[in-house]
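Participant: take a look and give me a structure for this.
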Amino acid sequence: MSTPGATQVSGTTNNSGGTSASGGTSNSGGTGTSGGTGVSGGTSTPGGTGTSGTPGGTGVSGGAGTPGGTSASGVTAAPARQVRRLNLHGESGVVPLARDFARQALYAWGWLPASGADRRAVAEDVLLVVSELVTNACLHAEGPDEMWISSDNKVIRVEVSDRGAGQPAPRTPHRSGRPGGHGMFIVQRLCLDWGVVRTPGASGKTVWAELGAPA
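Facilitator: The predicted structure is shown next:
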């Protein structure tokens, strides 16, 4: 996940889509207070500033979010965002490792086994985006450090951190017959939104992408 105060550069947006978490509890007869902070997946201005949370610790984490509940006033809270993290630094075979990790998360969160063709297609898109982001880090940033995958049952977010200084971007104009340069074009086509987060004064970056669940 990205670090507070980091600078976020957003990629081209196909659709608006974002993630939000509401956790406020209200008491009947009083004034309800919502405590969730929304993260928008809509169009971002290049060079804008984005803020998101960073899970601590190292290694592999697979904590599941707490299911949404009902407040005292009867308002149903949104389901909590579930996050899993995989350490890829120094590992070999990082692309299949990352795909297997993402596939396990999709099974744990009920995206797989797919109940229909649309849901199956979205799950395959998630795995393809994972492959492209990790491969991009291998080719242009000396390999990935970590990968996060998170879900709130409406949007899946994939993040891959690395130590590279380059700026990922789809090659323009895109020519399908030309070797190389297709990874970020694929990410742009499949995702609701994508972007890059950097921390001022620190090396490296985090490339993120969000995909929506089928209606």
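Participant: scan this structure for its longest helix.
Facilitator: Secondary structure of the chain per DSSP state H: the longest helix is helix 117-140.
Participant: packing partners of that one?
Facilitator: Helix 117-140 sits against helix 94-108, strand 144-151, strand 155-162, helix 183-190, strand 205-212, with contacts defined as 3 or more C-beta pairs under 8 Å, 6 or more residues apart in numbering; DSSP states H and E. Using the backbone N, CA and C atoms, a C-beta is placed for each residue, glycine as well.
Participant: what's L97 in contact with, if anything?
Facilitator: L97 makes contacts with 86, 88, 91, as judged by C-beta atoms under 8 Å, 6 or more residues apart in numbering.
Participant: whichever of those end up buried, select them in PyMOL.
Facilitator: Buried residues within the contacts of L97, by 16 or more other C-beta atoms under 10 Å, are selected in PyMOL with:
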select buried, resi 86+88
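Participant: secondary structure and distance to Q167 added to the contacts of L97, as CSV?
Facilitator: Converted to CSV, the contacts of L97 look like this (DSSP: H, G, I helix; E, B strand; the rest coil; distance: C-beta to C-beta, whole Å):
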residue, secondary structure, distance to Q167
L86, strand, 24
L88, coil, 21
E91, coil, 25
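Participant: can you put the contacts of L97 in JSON lines and add distance to R103 and pLDDT?
Facilitator: What follows is the contacts of L97, written out as JSON lines (distance: C-beta to C-beta, whole Å; pLDDT from 0 to 100):
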{"residue": "L86", "distance to R103": "12", "pLDDT": "98"}
{"residue": "L88", "distance to R103": "15", "pLDDT": "98"}
{"residue": "E91", "distance to R103": "17", "pLDDT": "96"}
